[in-house]
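Novice: Predicted coordinates and the sequence they were generated for:
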Amino acid sequence: MSEMKQRLESVLERIEKAAKKVGRTPSEITLVAVSKNFPAEAVREAFSLGVRNFGENRAQELKDKYEKLSDIQATWHFIGRIQTNKVKYFVPIVEYVHSVWREKELTEINKRAKMVNKVMKVFLEVNVSGEETKAGVKPENLKNLLDFAKSLENIKVIGLMTMAPIAENPEEIRWVFKKLRELRDELKKDYPDVTELSMGMSGDFEVAIEEGATFVRIGTAIFGKRT
């Protein structure tokens, strides 16, 4: 058994265990394998092991891998900081964008999506923890951003995304995931499309799943340490 196969099986077992612990079905959770800084061959191997969703955080790296892997039917996610001048590279490729938090990003994604005749599925990134170094809209400004997004024909906001602070003990950051779920639940009445929660990474995805994550973004635990 390859090392990646072992790691992947361990991750899938942990997802299943975390979901069942809180009475959820593991199939509700989409595993996004974060392949940034790993070669196209690593993506190909993960695909051969059954992974279908891959996340990249740099537009150029995503474009290069997509071209090398044009023979596989992967679903691509853009999960990095958005530079508006790079939007044109990832919009034709990806099905989901996880890291949108400014009107200018929505405007540019909408413009580029219109040009390729697609509706982009978007998560709005929320800065739940309040860390100044983190991207994301403040929770109190979320409704304004949702209303703006609603006015754009080629954008569909399907959920919320957050990044928790790095912590030795994931229990210390459980509150971040809980808060994002509560925000989603509050919004559901007025914004019924906002159902998904993109939260949880290699170090904390079990806690995120227990708090309601529907998309987890996992890199190291599948691909190993980045060089």
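Specialist: Perfect, thanks for sending it.

Novice: what about residue 216, distance to residue 20?
Specialist: Noted for residue 216: a distance of 15 Å to residue 20, by CB to CB, to the nearest Å. Quick note: C-beta positions are derived from backbone N, CA and C, even for glycine.

Novice: higher neighbour count, the two?
Specialist: Using other CB atoms under 10 Å as the criterion, residue 216 and residue 20 rank with residue 216 on top: 27 against 12.

Novice: looking at this, that one is in a helix?
Specialist: No. Counting by DSSP: H, G, I helix; E, B strand; the rest coil, residue 216 falls outside a helix, being strand.

Novice: Contacts only, for it.
Specialist: Shown in contact with residue 216 (CB atoms under 8 Å, 6 or more residues apart in numbering): 15, 29, 30, 31, 32, 198, 199, 200, 201, 205, 208, 209.

Novice: what pairs with it across the strands?
Specialist: Using DSSP bridges, the bridge partners assigned to residue 216 are residue 31.

Novice: can you point me to the longest helix in this structure?
Specialist: Within the chain, and with DSSP state H defining each element, the longest helix by residue count is helix 3-21.

Novice: Contact partners for the nearest residue to residue 218 once chain neighbours are set aside?
Specialist: Closest residue in space to residue 218, ignoring its immediate chain neighbours: residue 202 at 5.3 Å, by CB to CB, 6 or more residues apart in numbering. Going by CB under 8 Å, 6+ apart, residue 202 touches 218, 219, 220, 221.

Novice: Now the third one. Nearest residue, chain neighbours left out?
Specialist: Okay, so that is residue 220. Among residues not flanking residue 220 along the chain, residue 202 sits closest, at 4.4 Å (CB to CB, 6+ apart).

Novice: Thank you kindly, that will do.
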